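> model this:
(chains A and B)
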Amino acid sequence: MSSSPPVPRLQLQGITKRYPGCLANDRIDLSIEPGEIHALLGENGAGKSTLMKIIYGVTQPDSGSIVWHGEPLKMRDPAMARQLGIGMVFQHFSLFETLTVAENIALAMGSEAGTPKQLEPRIREVSQRYGMPLEPQRLVHSLSIGERQRVEIVRCLMQDIKLLILDEPTSVLTPQEADELFATLRRLAAEGCSILFISHKLGEVRALCQSATVLRGGRVSGHCVPADCSDLELAKLMVGDAEGLESSYPKVSGGRVRLRVDDLNWHNIDPFGTSLTSLRLEVRSGEIVGIAGVAGNGQDELLALLSGEVRLPRGERERISLDDHPIANLYPDARRSRGLAFVPAERLGHGAVPDMSLSDNALLTAFQQGLLSKGLIKRAKVLAFAEEIIQRFAVKTPNAQAPARSLSGGNLQKFILGREIMQQPKLLVAAHPTWGVDVGAAAAIHRALIALRDAGAAILVISEDLDELFQISDRIGALSGGTLSPLAATASTTPADVGRWMAGQFAPQAPHLCTGSSASSAATLS
Amino acid sequence: MDLDLLSNILFAMARTGTPLLLVALGELICEKSGVLNLGQEGMMLFGAVVGFIVAFSTGSLWLGVLLAIAAGMLLSLLFAAVALGFNANQVATGLALTIFGVGLSSFIGAAWVGKPLAGFEPLAIPLLSEIPLIGRMLFAQDALIYLSFALFVLVAWVLLKSRIGLIIQAVGENPDAASAMGLPVLRVRTLAVMFGGAMAGLAGGYLSLAYTPMWAENMTAGRGWIALALVVFASWRVFRVLLGAYLFGLASIIHLVAQGVGLSVPSNLLAMLPYVATIVVLVLLSRDAIKTRLFAPVSLGKPWQPGH
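Have a look, this model is predicted:
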């Protein structure tokens, strides 16, 4: 080839992909140079995943062309993409937990590459060279999330890699781990590998990427150089209307203790799960406590113990108390009647029954709000209750009879949260309240939580989104390996501190929590 | 108990355990790839009757064995088409296959019930079969039992050492990831189901051509079901499948031996012994939750189609 300007490594021209009921990609153009780190920015549902699957050959576009090193081609399947030197690190890892690191890598590389045993020296060498140490013989299930990501990346690097696609790679990492990943990526780019970095976190895109393509609603809404744009400009490209998104809420200190978790120990019989050790935690009325942590560090277990899906024996019922009543041995309905409300992480199937109507879903947790009479359902009241939720929390749905599965993630989450808030809980436990929710709905959810806080409820938010926790919580801590860091006032804490806690760098909690100190420190700051 | 009796018990143990071992090895591969085929009993019976009819009509035992294998594979293909091709519920499809196999074998075998056949004879290997205690068990058996030894080694090697074993395990654990990696999930599963069918057919042929060379309705007597339980209780580990199958064989003949020496235990209780003993031992072995999780195929029985 003799074209005088350098040929881009990958060019997409007019890529269009339609799924039943939605246009996932609409005439998308994109170009990546050799050695460039290119960001693909966009909200959930903007079409990033579809585009990336098209590049990697998982799905085929309806129209448009893919040009690789100046030559148009048809990406048949992932095997072809890998052969060309395209590697991909999925958001939900495509690793096999019951196999070793070497076996996982050998599987992806084809039989020519050799047996897992023969690959071991090269795996060690590659992983060392890029600063991602790995032990090839370890079983994947025993690795941390960060280490699993290394396996995925090393798997790509074992081949002659020309383009590495990373799908939201930092969503599972602590801030420190993310910095290490960035160092590796910069080094790769310096060696000439192109990187397509998919994210919705503006800060890291600005720190890492030379150029960015922003998607909104399946279309390219702009190309830009991230370093030259402000957060607000990027957010506007992503969301369209950035009004009311940038909001900060005043930090407060709580009143009396509502939820007390005292030396909670729980042994998980699931060998791949996490056991909890000596958890101590207090949530006061009128405050939001945020708990950060990388997934799989005990969040699910703590949530199940708080909601009542998992219970402690009667003898240990004092371990969790609500308004000084021991509740650790109670079933969820008994806890709810004492004023606990719960918003689980999984919306469809846990927070709501997908095939049931919104009004029936409202009844499921709110039946104690006078919706029953002598064991019979008062239909009219249930419907009125559901319609009030829809109206008050601006849930976009045709009516209260629509099945839960027909709502978008953000709308369903508003409905579920609204259902709990309408019951005027004394304590609300919410898991990942804005996970997979668009920015507008997330802001609405945050406002609703703050309003509930200001009305005097105690709120515990467990989330992997550090930005969110810093925005809404008054005190913050982190779970790491089933232990909880000390809680500190958010106003006097930095994300780097919390990142260290997420990595387990904190002194074990003192045996007797000094109940006055955290409140007074928060008070002096506010 | 003298050495001779013990040697005889071991000899009979291998004979009784072999049909179970064959079916269970096939089902092991099938389940490792994520497919639960409850049609083992039906495929065994179909293999048994086809093998018997062919051997009886042609006079060739080996042709009988070959077609017994083919018969098992044929039924398993039916299962693969419905459960993998059309994505039907695997449990329902497997149950239907067993019911179908039982009926079909009775139907086509009706004219052959009770006919005599000279089946496979033991082939004692000189010298080796003279070894005390284990000589007869290992080296004085019929050809199909030697074949079962070879198949056990083959399956163990494939699962534990080969790339094919890795692929089967990967497909059974996470078909989505395997597919994203470019592995042909449905093809792997279909082949695994067919291997299971072939082994069930062979086990049926062993029953009607070697173990008790004759055809009788329902002659498998629930061995297909026991093999299914065996694979689960062996927590999908190949050596435990062998252990369980032989244990079952041992317990089956213990009750004959017990009657022989004049123990007065009700024979119904003794007939129950193999089932109870096998399950108790394997349950005790599978208490280690971590090990069980490591070997269990996570996506077992879940329908899967590409492109989701």
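
> Sketch out the low-pLDDT regions of the stretch 201-308 of chain B for me.
B:307-308 (pLDDT under 70).

> That one against chain A: which residues are in contact?
Residues of the stretch 201-308 of chain B lying close to chain A (CB under 8 Å from any CB of the partner chain) are B:289-290, B:293-295, B:298, B:307. Every residue, glycine included, has its C-beta placed from N, CA and C.

> Mind checking which of these are buried?
B:293-295 (16 or more other CB atoms under 10 Å in any protein chain shown).

> Tabulate those (CSV), appending secondary structure and distance to residue A:51.
Converted to CSV, these look like this (DSSP: H, G, I helix; E, B strand; the rest coil; distance: CB to CB, whole Å):
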residue, secondary structure, distance to residue A:51
B:293, helix, 36
B:294, helix, 37
B:295, helix, 38
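
> Tabulate those residues (a markdown table), appending distance to residue A:252.
Output for those, formatted as a markdown table (distance: CB to CB, whole Å):
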| residue | distance to residue A:252 |
| --- | --- |
| B:293 | 45 |
| B:294 | 49 |
| B:295 | 53 |
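
> count of neighbours near residue B:129?
By the criterion of other CB atoms under 10 Å in any protein chain shown, residue B:129 has 18 neighbours.

> So it sits against residue B:137, correct?
No - Residue B:129 lies out of contact with residue B:137 (CB atoms under 8 Å); the separation is 9.4 Å.

> so the most centrally placed residue in chain B, which of the three states?
Chain B has residue B:23 as the residue nearest its centroid, 1.1 Å off, counting by CA atoms, centre = their mean. The three-state label given to residue B:23 by DSSP: H, G, I helix; E, B strand; the rest coil is helix.

> ok, now residue A:476?
Classification of residue A:476 using three-state DSSP returns strand.

> For it, list the residues it contacts.
By CB atoms under 8 Å, 6 or more residues apart in numbering or on different chains, the contact list for residue A:476 reads A:289-292, A:469-470, A:487-490, A:493, A:498.

> If it is in a bridge, with which residues?
Judged by DSSP bridges, the bridge partners of residue A:476 are residue A:290, residue A:488.

> how about residue A:224, phi and psi?
Taking degrees, to the nearest 10, you get phi -160, psi 170 for the backbone angles of residue A:224.

> make that residue A:27, sorry
Per degrees, to the nearest 10, the backbone of residue A:27 is at phi 50, psi 60.

> got it, and residue A:432?
phi 40, psi 60.

> Residue A:251 now?
Torsion angles at residue A:251 (phi, psi; degrees, to the nearest 10) stand at phi -80, psi 140.

> returning to what we had before: tell me which of the residues of the stretch 201-308 of chain B next to chain A is nearest to residue B:160?
residue B:295 (10.8 Å; CB to CB).

> quick one: which of the contacts of residue A:476 has the most company?
Highest neighbour count within the contacts of residue A:476: residue A:292, with 28 neighbours (other CB under 10 Å).

> Spatially nearest residue to that one, not counting backbone neighbours?
Using CB to CB, 6 or more residues apart in numbering or on different chains and skipping residues adjacent in sequence, the residue nearest residue A:292 is residue A:478, 4.3 Å away.

> doesn't residue A:497 make contact with that neighbour?
No - using CB under 8 Å, residue A:478 is not in contact with residue A:497, being 9.1 Å away.

> of those two, who's got more company?
Each of residue A:478 and residue A:497 has its neighbours counted (other CB under 10 Å); residue A:478 has more, 28 against 17.

> Per-residue pLDDT of the more buried one, please?
Note for residue A:478: predicted pLDDT of 94.

> Contact residues of the stretch 51-200 of chain B facing chain A?
Counting by CB under 8 Å from any CB, the residues of the stretch 51-200 of chain B close to chain A are B:163, B:166-167, B:169-170, B:173-174, B:176-178, B:180-183.

> Among these, name the buried ones.
B:163, B:166-167, B:169-170, B:173-174, B:177-178, B:180-183.

> any idea how far chain B is from residue A:505?
Computed as CB to the nearest CB, to the nearest Å, the residue A:505 to chain B distance reads 28 Å.

> Check residue A:212 too.
For residue A:212, the distance to chain B - CB to the nearest CB - is 26 Å.

> what does residue A:460 give?
30 Å.

> rewinding a little: show the contacting residues for the residue nearest to residue A:292.
By CB under 8 Å, 6+ apart, the neighbours of residue A:478 are A:291-293, A:484-485, A:498, A:501-502, A:506.

> and these as a markdown table, adding secondary structure?
Converted to a markdown table, the contacts of residue A:478 look like this (three-state DSSP):
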| residue | secondary structure |
| --- | --- |
| A:291 | strand |
| A:292 | strand |
| A:293 | coil |
| A:484 | strand |
| A:485 | coil |
| A:498 | helix |
| A:501 | helix |
| A:502 | helix |
| A:506 | coil |
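
> Nearest to residue A:194 among those residues?
Looking across the contacts of residue A:478 and measuring by CB to CB, the closest to residue A:194 is residue A:502, at 30.5 Å.

> count of residues packed around that closest one?
Per other CB under 10 Å, the neighbour tally for residue A:502 reads 26.

> ok, it touching residue A:292?
Yes - with contact defined as CB under 8 Å, residue A:502 counts as touching residue A:292 (5.8 Å).

> between the two, what contacts are shared?
Contacts common to residue A:502 and residue A:292, judged by CB under 8 Å, 6+ apart, are A:478-479.

> Can you tell me the SS state at the closest residue to residue B:23 other than its chain neighbours?
Nearest non-adjacent residue to residue B:23, counting by CB to CB, 6+ apart: residue B:227, 3.9 Å away. Assigned by three-state DSSP, the conformation of residue B:227 is helix.

> repeat for residue A:461
Put simply, residue A:461 is strand when judged by three-state DSSP.

> Could you give the bridge partners of it?
residue A:290, residue A:430.

> which residues sit in contact with it?
By CB under 8 Å, 6+ apart, the contact set of residue A:461 is A:288-291, A:430-431, A:433, A:449, A:468-469, A:472-473.

> mind checking pLDDT for the residue lying closest to residue B:143 once chain neighbours are set aside?
Excluding its sequence neighbours, the residue lying closest to residue B:143 (CB to CB, 6+ apart) is residue B:120, at 5.7 Å. As predicted, residue B:120 sits at a pLDDT of 91.

> Any chance of the backbone angles for residue B:120?
Main-chain torsions, residue B:120, degrees, to the nearest 10: phi -60, psi 130.

> How about residue A:148?
Main-chain torsions, residue A:148, degrees, to the nearest 10: phi -60, psi -40.

> number of nearby residues for it?
Counted with other CB under 10 Å, residue A:148 comes out at 19.

> Also residue B:302?
For residue B:302, the neighbour count with other CB under 10 Å is 12.

> Repeat that for residue B:114.
For residue B:114, using other CB under 10 Å, the count is 7.

> Check the one 10 residues further on too.
Other residues within reach of residue B:124, judged by other CB under 10 Å, total 14.

> wait, doesn't it sit right on residue B:140?
Yes - counting by CB under 8 Å, residue B:140 is a contact partner of residue B:124 at 4.1 Å.

> All the helices of the stretch 101-250 of chain A, residue numbers only.
According to DSSP state H, counting those that start in this stretch, the stretch 101-250 of chain A carries its helices in the segments A:101-109, A:116-129, A:145-157, A:175-190, A:202-208, A:231-239.
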